[in-house]
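> Starting from these lines, generate the structure:
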Amino acid sequence: MPSPCKKCFKKNVKDRFILLTILVLAGPILYAQTAVSRNSIEKPAVDILKKLKVSGTIRTRYTASFNKNVGIDARQHSSGSDQYTANAFTIPQARIVLSGDLTKKMDVYVRVNFADFANSPQSRVLEYAYTTYHFNPYLNFRAGVFRPYFGREDDVATDFLKSFDYSNQYTAFDENGWMNYQMGISLSGDIKAFNILVKYFAGIYNGNRRNNFTDNDNGKQIPARLEFDFTPDFQLGLNGGFGKDEGNKISAWGLDINYEKQLNKRWRMEIESEFKQGNNQALFLNEAIAGKTVGDYMMRGLYILPSIQYHLNSKEIKGLEASFKYETLDPNFKQNGNLHRAYVPMLGLDVTEQYAVRIQIGAVIERYNHNIENTTQYNSSRFITQLQIRF
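Residues are numbered from 1 along each chain as shown. Sure, this is the predicted structure:
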């Protein structure tokens, strides 16, 4: 009789032969199924990529300070040393955009700014990343990182700004979670009422800007906006919002008026203006003074920006534009805050239509009620010129 080991050996050989036969026969079938599965996944992805459009903006800038011991960032240096930058070339924007329609009702928009790698890339490079589902003209749903539309400036891309940058008011309300890039969801749409086009925007957001891909507390901010287009030339916007930030109840409100008029074939004028007021919880949480509440920290700002354009029938130059922005911002007016006034004259040269190639030159003149040494809250004047290219 064969030994038990020989029986085991024969049995193992037989089992291995059966397994090898199954693999040989089933291999082509498994491969075919895997290929079909892979193709079913990759084909929609390829179709989506074909629908996406790539665009971008490059903006180069030269800034020079007119004041001794004040850098291009408007920060004052009381030591009098030369360890600050009085003039420099910079690239504030190097953007790439991916956008397109995924379906007839859904679109996607992603934008990154590679120039932000010079600052804090972990919290700044990604500007937009959202998808919008259009049920109908009256109802649109959006989710991701985007602007809440809590004011006129939220509806104007940097490519089409009449001035060098957004207002100081815009920056302050951005820092407090109401404007600029926020993470959340929103509803929007257009409604016709009494022959007036009414646009609405409402949403709920984390309120801590785009710094994190999650919230830093359980509080949320709920801003809303109504925009009334009384005529094609005249729009009025009303903004209001409330929420919680680290357990503190907060709110903000504002209004904006925009008027534009085509005077004739060559001349066009526009006037933008906006006012806002609300809690400055960012300053409150930063100072954390005993006995003070978030209600003691209130900010308000105003700006007015008139501009005029002259269209040229030239192959080399398409138009000239002049603007002058005046703005005020008090970050803490209930406690004798430091009122900040800014004057921004600017002249623009449009080489192509729609600001695709634009050269701007001007100045930023800033004044404070009280100069504070070694901070940006110090009187300063800067010369700025920049070149914008969109593609």
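> quick one: low-confidence parts of the stretch 1-150 of the chain?
Residues of the stretch 1-150 of the chain that meet the criterion pLDDT under 70 lie in 1-49, 80-82, 118-124.
> quick one, helices of it?
If DSSP state H, counting those that start in this stretch is used as the criterion, the helices of the stretch 1-150 of the chain fall at 4-51, 121-124.
> In which helix or strand does the residue lying closest to N136 once chain neighbours are set aside reside?
Nearest residue to N136 in three dimensions, chain neighbours excluded: G189, at 7.9 Å (Cβ to Cβ, 6 or more residues apart in numbering). C-betas here are computed from N, CA, C, even on glycine. Taking DSSP states H and E as the definition, G189 sits inside strand 182-193.
> Show me what secondary structure element comes after that strand.
The element immediately downstream of strand 182-193 (helix or strand, assigned by DSSP H and E) is strand 196-205.
> List the buried residues of that next one.
K199, Y200, F201, A202, G203, I204, Y205 (16 or more other Cβ atoms under 10 Å).
> cool, stretch 139-158 as well?
By 16+ other Cβ under 10 Å, the buried positions in stretch 139-158 come out as 140-142, 144-156, 158.
> ok so, going back, number of residues surrounding the residue nearest to N136?
Applying other Cβ atoms under 10 Å, we find 17 residues neighbouring G189.
> contacting residues for it?
By Cβ atoms under 8 Å, 6 or more residues apart in numbering, the contact list for G189 reads N136, P137, Y138, L139, N140, K199, Y200.
> Reformat these as JSON lines; add distance to L126.
Shown next, in JSON lines, are the contacts of G189 (distance: Cβ to Cβ, whole Å):
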{"residue": "N136", "distance to L126": "30"}
{"residue": "P137", "distance to L126": "29"}
{"residue": "Y138", "distance to L126": "30"}
{"residue": "L139", "distance to L126": "27"}
{"residue": "N140", "distance to L126": "22"}
{"residue": "K199", "distance to L126": "27"}
{"residue": "Y200", "distance to L126": "27"}
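> Low-confidence ranges, the stretch 151-300 of the chain, go.
211-213.
> Kindly recompute the last result at 80.
Counting by pLDDT under 80, the stretch 151-300 of the chain has low-confidence residues at 210-216.
> Do a quick rundown of the helices in it.
Secondary structure of the stretch 151-300 of the chain (DSSP H, counting those that start in this stretch): helices located at 168-175, 281-287.
> Just say which of those helices is most tucked in.
Ranked by mean neighbour count, the helices of the stretch 151-300 of the chain are led by helix 168-175 with a mean of 22 (mean count of other Cβ atoms under 10 Å).
> Output that one in PDB with nothing but the alpha carbons.
Listed next in PDB are the C-alpha coordinates belonging to helix 168-175 (Å, rounded to 0.1, in the frame of the first residue of the first chain):
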ATOM      1  CA  ASN A 168     -11.000  97.000   2.200                       C
ATOM      2  CA  GLN A 169     -14.600  96.400   3.300                       C
ATOM      3  CA  TYR A 170     -14.600  93.200   1.100                       C
ATOM      4  CA  THR A 171     -11.500  91.900   2.800                       C
ATOM      5  CA  ALA A 172     -12.900  92.600   6.300                       C
ATOM      6  CA  PHE A 173     -16.200  90.800   5.600                       C
ATOM      7  CA  ASP A 174     -14.200  88.000   4.000                       C
ATOM      8  CA  GLU A 175     -12.200  87.500   7.200                       C
END
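> and the angle for it with strand 182-193?
Taking axes from the mean of the first three to the mean of the last three Cα atoms, to 10 degrees, one finds helix 168-175 and strand 182-193 inclined to each other by 120 degrees.
> Helix 168-175: how far from the chain's middle?
Between the centre of helix 168-175 and the centre of its host chain there is 12 Å, according to Cα atoms, centre = their mean, to the nearest Å.
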